[in-house]
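Asker: with the sequence up front, the predicted model follows.
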Amino acid sequence: MSLDSLDGVRRVADAVLYEGYILYPYRASAQKNRSRWQFGVLMPPAYAAADPSETATVQAECVFEHSGAPAIDVVVRFLQVQRRTATRAGAGPAPDVWDEAVEREIQTAAAGAALFGAGVTTPFGVLGGEERETTADGSVVRSRRPLSGSVSLRARPLPGPWQAARLTVRVTNETDTAPGAPGAPGSREQALPAALVAAHLIISVSGGAFVSMTDPPEWAAGGVGECENAGCWPVLAGPAGDRGVMLASPIILPDHPQVAEESAGELYDGTEIDEILTLRTLALTDAEKDAARATDPRAAALIDRVESLDGAALGRLHGTIRSGPGAIPGTLPGTPPGTPPAAGGEAVPWWDPEADRSVSPSTDSVLVAGRRIARGSRVTLRPGGRRADAQDMFLAGRAAVVEAVLLDVEDNPYLAVSLAEDPAADLHAAHGRFLYFTPDEVEPEEYGPDEGEPA
């Protein structure tokens, strides 16, 4: 089965390929971008042997049933590190070094006696190279180290009346970086150009069907339990109901994974949430955005894409809220039904406090032991009836002042409180930092002779 015909699988595989490629705040100078490439890194064997936290091999095992003449196709995908060194003319500062990446794919296949016999091993090599570019203030050199490795696949029949087999696919980095070899690395940074980064496999079967590794049928549970996966986990990767393709990824995914339709594009930052990263990126200063654009072409495209998002696109990032029956025409996607119109007849976006005028934390109240508790009420904290949070338990018996009555998305009430004797209470209130308790975790204090019920 051609990978080109698997658009949905390719989208997910591309997300895996570039996950963690460049980390927020996306600038080369950012501290956490000095330690990149966390997912699916297959180091050269000499370096992996010296560092037990690294590996040179990834192995995927899964179970498939077949009609008697199955064929297996494997596509190994990874990034080859391309080291970019920029030098300024004259006696300038030290060269700027940044690791870019080049996509690589290795294909192999096996069927019949070769698949079920000794298996098939396919060696591969990836050429190195160097390109030089003259810039207005110096030069840029991009260099790639040659890589070598192998892909092996083999199937072994499962015992029992079912026509099924356990498939093993191994990918090994065999690039020579042993001591004495040219460019032998002494550190992880030096070894990365000889690594296969973000390595993952797309495995297709014809004349058969894979079984789920997370929810196998009862007859296959034993065979699935004997599978050994190292550095990856295979999941059914086609559309729901399809069992012809497996994606073995260094990131644990569910069966039939999909890229969320709300996602406007790759954010590259280690599985963080699109909405949070988008808002953080928008909050960068112009100088920081310029520095990010100069770091990497993908970082530049990311900044441009985030800045071009309109209100509707930002609304979709918020989650699964959808406009439904009763929604006001012309509202943004994600505006709940019944959202009141703003001045001029336009709907108030869901994130605006005016979207629900029925909620007023500063004047709402709840009944506790028959007493109305609202902002300004004094209460005694009695946590522990429902939960065992040690930090809350330390506050048992302390006096507190209610600052607001809040409701969660299921309309359950919560009290935001400040400790009555806390000398920093005003400072916390200025920053909106409160302690939160449910009504059954407080008891009303008796009011003194000069006090009345809160207004």
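Answerer: Received it, and whenever you're ready, just let me know what you need.
Asker: all helices of the stretch 1-150 of the chain, in order?
Answerer: Assigned by DSSP state H, counting those that start in this stretch, the helices in the stretch 1-150 of the chain fall at 7-18, 45-50, 112-116.
Asker: now do the helices in the stretch 301-450 of the chain.
Answerer: Ranges of helices within the stretch 301-450 of the chain are 311-317, 390-393, 425-430, based on DSSP H, counting those that start in this stretch.
Asker: what's the most buried one of the ones you listed?
Answerer: When neighbours are counted by mean count of other C-beta atoms under 10 Å, the highest per-stretch mean among the helices of the stretch 301-450 of the chain falls to helix 311-317, a mean of 18. C-beta: built from backbone N, CA, C; applies to glycine.
Asker: tell me what it is packed against?
Answerer: With contacts taken as 3 or more C-beta pairs under 8 Å, 6 or more residues apart in numbering; DSSP states H and E, helix 311-317 sits against helix 274-282.
Asker: which residues are in contact with the helix or strand following the helix it packs on?
Answerer: Beyond helix 274-282 on the C-terminal side, the first helix or strand identified by DSSP states H and E is helix 286-295. Contacts of helix 286-295 from elsewhere in the structure, counted by C-beta atoms under 8 Å, 6 or more residues apart in numbering, are 22, 25-29, 98, 284, 299-300, 302-304, 307.
Asker: now with 7 Å?
Answerer: 25, 26, 27, 28, 29, 98, 299, 300, 303 (C-beta atoms under 7 Å, 6 or more residues apart in numbering).
Asker: got it, and stretch 35-55?
Answerer: Surrounding stretch 35-55, the residues in contact under the criterion C-beta under 7 Å, 6+ apart are 19-20, 23, 56-58, 99, 171, 173-175, 177-178, 185, 191-192, 194-200, 231, 250-251, 270.
Asker: need the CA coordinates for it. CSV is fine.
Answerer: Extracted C-alpha coordinates of stretch 35-55, given in CSV (Å, rounded to 0.1, in the frame of the first residue of the first chain):
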residue,chain,number,x,y,z
SER,A,35,18.8,20.3,24.5
ARG,A,36,16.6,19.2,21.6
TRP,A,37,15.6,16.0,19.8
GLN,A,38,13.9,14.0,22.6
PHE,A,39,11.6,11.7,20.7
GLY,A,40,12.7,8.6,18.8
VAL,A,41,16.4,9.3,18.7
LEU,A,42,18.5,6.3,17.5
MET,A,43,22.1,7.2,18.3
PRO,A,44,25.1,5.6,16.6
PRO,A,45,25.9,2.3,18.3
ALA,A,46,29.3,3.4,19.8
TYR,A,47,27.7,6.3,21.5
ALA,A,48,24.6,4.3,22.7
ALA,A,49,26.9,1.7,24.1
ALA,A,50,28.6,4.3,26.3
ASP,A,51,25.4,5.9,27.5
PRO,A,52,22.7,3.6,28.9
SER,A,53,20.1,6.3,28.5
GLU,A,54,20.5,6.1,24.7
THR,A,55,19.7,3.4,22.1
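Asker: buried residues, that stretch. List them.
Answerer: Judged by neighbour count using 16 or more other C-beta atoms under 10 Å, the buried positions of stretch 35-55 are 36-37, 39-48, 54-55.
Asker: in CSV, list those residues along with distance to residue 72.
Answerer: As requested, the buried residues of stretch 35-55 are exported to CSV (distance: C-beta to C-beta, whole Å):
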residue, distance to residue 72
36, 33
37, 29
39, 25
40, 21
41, 25
42, 21
43, 27
44, 27
45, 26
46, 31
47, 31
48, 27
54, 28
55, 23
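Asker: closest to residue 79 among those?
Answerer: For the buried residues of stretch 35-55, the residue nearest residue 79 by C-beta to C-beta is residue 37; the value is 8.2 Å.
Asker: against residue 67, how distant is the closest one?
Answerer: Look at residue 37 and residue 67: by C-beta to C-beta, to the nearest Å, they are 41 Å apart.
Asker: how about residue 24?
Answerer: 49 Å.
Asker: more crowded one of those two?
Answerer: Counted by other C-beta atoms under 10 Å, residue 24 and residue 67 do not tie: residue 24 has more neighbours, with 20 against 10.
Asker: shouldn't that one be in contact with residue 270?
Answerer: No. In this structure residue 24 lies outside contact range of residue 270 using C-beta atoms under 7 Å: 8.8 Å.
Asker: just give me the lowest mean pLDDT stretch among the helices of the stretch 301-450 of the chain.
Answerer: Per-stretch averages of pLDDT across the helices of the stretch 301-450 of the chain put helix 390-393 at the bottom, with a mean of 76.
Asker: which residues touch that helix?
Answerer: Contacts of helix 390-393 from elsewhere in the structure, counted by C-beta under 7 Å, 6+ apart, are 383, 384.
Asker: ok so, going back, only whichever of the contacts of helix 286-295 are buried, select them in PyMOL.
Answerer: A single PyMOL command is used to select the members of these judged buried by 16+ other C-beta under 10 Å:
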select buried, resi 25+26+27+28+98+299+300+303
